[in-house]
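Visitor: What follows is a predicted protein model with its sequence.
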Amino acid sequence: MLQDPAPIQLTFLGGAGTVTGSKILLKTAKNQILIDCGLFQGLKQLRLLNWQKPAIKLEELDAIILTHGHLDHCGYLPVLVKNGFDGPIYATEPTRDVTRIILNDSARIQMEDAEEANRGGYSIHHPAKPLYNLDDVARTMPLFDTHNYGEWVIINEDFKFCFRNSGHILGSAIVELKCQGRTFLFSGDIGQRQPLLMDPPVRLREADYVIMESTYGDRLHSEISPYTELTEVVNHTYDKGGVLVIPSFAVERAQELLLLLNTLKEDKSIPPIPVYLDTPMGIDVSDLYLHYHDWHNLTRAECETMMRNVHIIRKFEHTQHVLDTHGPKIVIAGSGMVTGGRVLYYLERLLGDSKNTVLLVGFQAPGTRGSLLSSGADELKIHGAYYKVRAEVRQISSMSAHGDRDDLLWWLQSFKHTPLQVFLNHGEAQASEALRMEIKDKLKFPVTIAQMGETYYL
């Protein structure tokens, strides 16, 4: 008599109850793979998880599949490689190149922060050390195995998968995976129905299990055009005679901002204010848009327009020159959640003046400086010192690379048959719960909120 196969195990090692550290382990009796390998960011108790021993037997891990190249989905890769993982890392080609940029930047920031903490003596660790360095990143990149959308890849007798466009950032993907006769969909991060730069997310018709993000499951994006919102903020800051500082994600958000600002200048909707792009990572990613012209909805001319009339700041010493330049200006600088990068140096100088504006243009994870600013903090700790927040803080949501509640429901509504189970991850508790109720009431799908560290037997 044939025995039933052992149940498939689905374990959430990150990105459950939070939007950072995405890691999902899928395991059969013989094989196991990891979908995404993200770094924890934000709250200290989350960041400390990055330093724990990996909760995976790396010698038994067959492969890693990346949905996209954001740090919360790829930033832990060098740690696994450093600890002995040497299997394939599957991704789209643009995701591989975005990940290289993101990881190198992450390593540099960690190394610089450790050096600065040691010089300033404000770290409790003696000496402070980076989680990983540039050498660790260099050992990680040769493991990448790239594939196009719609191309089926056989990993072993248990797993085969293909990538589908998720509409989130350049090269981002939904993972459609077959395992023992069942279909799994790992959404990664799902874009809006009408993204500015990307093609819309692909809607799929069949799935037994859906593992789906819920970042904005409790809210709707503004219906006001991002052109309108950005015009108002720019002109308001210009009228005050101040500087507009925009902490920006290097991938997709910086490129959207450049395109919007150039369009507004050409339309004469805003004055001819100098725009500075002070994020080496954002500059490198912008170059990828020209190289991967089939992976987004911009023409070559629009890509070139994106970089027109923008002052490119690559070297840190030039940041000081921008700071010393008087008069209104717009500065786009990393990082998007104000967790590190060049934007910190602008905020040290500019936060204390009410003429200036800080514009937040993306999701701000709890515990990040961006989250503190959005919630009205009156001071901010940067490089071991506290700075008063007198600058005006504004936020617009219409530029988000994440779909809102209605976008996520729209994506789920495409299934011909009810899935056996929907798991919600990559969301704060209130966002996941709100989306769970919407799915349960409107779609009648069985839905569970994934719990960190819990294994589900399927």
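Guide: It's in.
Visitor: show me what contacts the one residue sitting closest to the centre of the chain?
Guide: Ranked by distance to the mean C-alpha position of the chain (CA atoms, centre = their mean), the top residue is residue 70 at 3.8 Å. The contact partners of residue 70, by CB atoms under 8 Å, 6 or more residues apart in numbering, come to 38, 102, 169, 189, 249, 251. C-betas here are computed from N, CA, C, even on glycine.
Visitor: Please identify which of those residues is nearest to residue 299.
Guide: Distance to residue 299 across the contacts of residue 70 (CB to CB) is lowest for residue 169, with 18.7 Å.
Visitor: What sits closest to that closest one if chain neighbours are left out?
Guide: residue 252 (4.2 Å; CB to CB, 6 or more residues apart in numbering).
Visitor: Residue 302 too?
Guide: residue 259 (6.9 Å).
Visitor: give me the element that neighbour is part of.
Guide: Residue 259 belongs to helix 253-266 when elements are defined using DSSP states H and E.
Visitor: same deal with residue 381?
Guide: If you go by DSSP H and E, residue 381 is part of strand 379-382.
Visitor: hmm, back to that, from the contacts of residue 70, list the buried ones, please.
Guide: The neighbour-count test (16 or more other CB atoms under 10 Å) applied to those identifies 38, 102, 169, 189, 249, 251 as buried.
Visitor: Hmm, the second one is touching residue 69, no?
Guide: Put plainly, it is residue 102. Yes. Counting by CB atoms under 8 Å, residue 102 touches residue 69, with 5.4 Å between them.
Visitor: list residues touching both of these two?
Guide: residue 251.
Visitor: one step back: how many neighbours does the residue nearest to residue 169 have?
Guide: Residue 252 has 28 neighbours, counted by other CB atoms under 10 Å.
Visitor: now residue 181
Guide: Residues lying near residue 181 (other CB under 10 Å) number 7.
Visitor: what's the next secondary structure element after the helix with the most length in the chain?
Guide: Ranked by residue count and defined by DSSP state H, the top helix of the chain is helix 93-120. Using DSSP H and E, the helix or strand that follows helix 93-120 towards the C-terminus is helix 134-140.
Visitor: Packing partners of the helix or strand that that following helix is followed by?
Guide: The first helix or strand that comes after helix 134-140 along the chain, using DSSP H and E, is strand 144-146. Judged by 3 or more CB pairs under 8 Å, 6 or more residues apart in numbering; DSSP states H and E, the packing partners of strand 144-146 are strand 89-91, helix 93-120.
Visitor: Pull out the buried positions in the shortest one.
Guide: Which is strand 89-91. Of the residues in strand 89-91, 89-91 count as buried by neighbour count, 16+ other CB under 10 Å.
Visitor: So for it, mean pLDDT?
Guide: In this model, strand 89-91 has a mean pLDDT of 98.
Visitor: Begin at 618, not 1, for the rest of this chat.
Guide: Shifting the count to begin at 618 puts that one at strand 706-708.
Visitor: Pull up the pairing partners for it, direction included.
Guide: Using DSSP bridges, strand 706-708 pairs in its sheet with strand 680-682 (parallel), strand 761-763 (parallel).
Visitor: Tell me, how many residues neighbour residue 703?
Guide: 12.
Visitor: same question, residue 680
Guide: Look at residue 680: counted by other CB under 10 Å, it has 21 neighbours.
Visitor: so what's it bridging to?
Guide: On the basis of DSSP bridges, residue 680 is bridged to residue 650.
Visitor: ranges for the helices of this protein?
Guide: Assigned by DSSP H, the helices in the chain fall at 661-664, 688-691, 694-699, 710-737, 751-757, 843-857, 870-883, 897-908, 917-923, 933-941, 960-967, 986-991, 1022-1029, 1046-1055.
Visitor: Return the distance of residue 931 relative to residue 865.
Guide: Note on residue 931: its distance to residue 865, by CB to CB, to the nearest Å, is 16 Å.
Visitor: in the stretch 968-1075 of the chain, what spans have low per-residue confidence?
Guide: Within the stretch 968-1075 of the chain, the set of residues satisfying pLDDT under 70 is empty.
Visitor: I meant the chain, not that one.
Guide: 618-622, 738-743.
Visitor: tell me the domain ranges of this protein?
Guide: 626-836+1019-1074, 843-1012 (automatic domain parsing).
Visitor: From residue 865, how far out is the residue nearest to residue 919?
Guide: 13 Å.
Visitor: Looking at those two, which has the bigger crowd around it?
Guide: Taking neighbours as other CB under 10 Å, residue 876 and residue 865 compare with residue 865 leading, 30 against 20.
Visitor: shouldn't the more buried one be in contact with residue 874?
Guide: Yes. Counting by CB under 8 Å, residue 865 does reach residue 874; the two are 6.1 Å apart.
Visitor: which residues do those two both contact?
Guide: 949, 978.
Visitor: returning to that earlier point: list the contacts for the residue nearest to residue 919?
Guide: 813-814, 915, 919, 922-923.
Visitor: just those now: which is nearest residue 796?
Guide: Of all the contacts of residue 876, residue 796 sits closest to residue 814, with 32.8 Å by CB to CB.
Visitor: The closest residue to residue 961 other than its chain neighbours - how many residues pack around it?
Guide: Spatial nearest neighbour of residue 961, chain neighbours left out: residue 999 (5.1 Å); criterion: CB to CB, 6+ apart. Counted with other CB under 10 Å, residues neighbouring residue 999 total 17.
Visitor: Okay, and the beta partners of residue 999?
Guide: Residue 999 forms beta bridges with residue 1002, as assigned by DSSP bridges.
Visitor: Which residues lie in contact with it in this structure?
Guide: With CB under 8 Å, 6+ apart, residue 999 has these contacts: 961, 964-965, 986.
Visitor: Check residue 862 too.
Guide: By CB under 8 Å, 6+ apart, the residues touching residue 862 are 948, 950, 960, 963-964, 967, 973-976, 1008.
Visitor: Over to residue 837?
Guide: Neighbours of residue 837 in contact, by CB under 8 Å, 6+ apart: 1021-1023.
Visitor: Swap in 10 Å and give it another go.
Guide: Neighbouring residues of residue 837 by CB atoms under 10 Å, 6 or more residues apart in numbering: 1014, 1021-1024.
Visitor: Residue 759 too?
Guide: With contact taken as CB under 10 Å, 6+ apart, residue 759 is in contact with 698, 703, 706.
Visitor: quick one: it from residue 988, how far?
Guide: In terms of CB to CB, residue 759 sits 36 Å off from residue 988.
Visitor: returning to what we had before: same question for the strand holding residue 998: list its buried residues.
Guide: Neighbour-count burial for strand 996-999 [16+ other CB under 10 Å]: 997, 999.
Visitor: what number of residues lie near the nearest residue to residue 684 once chain neighbours are set aside?
Guide: Spatial nearest neighbour of residue 684, chain neighbours left out: residue 805 (2.8 Å); criterion: CB to CB, 6+ apart. Here the number of neighbours of residue 805 (other CB under 10 Å) works out to 30.
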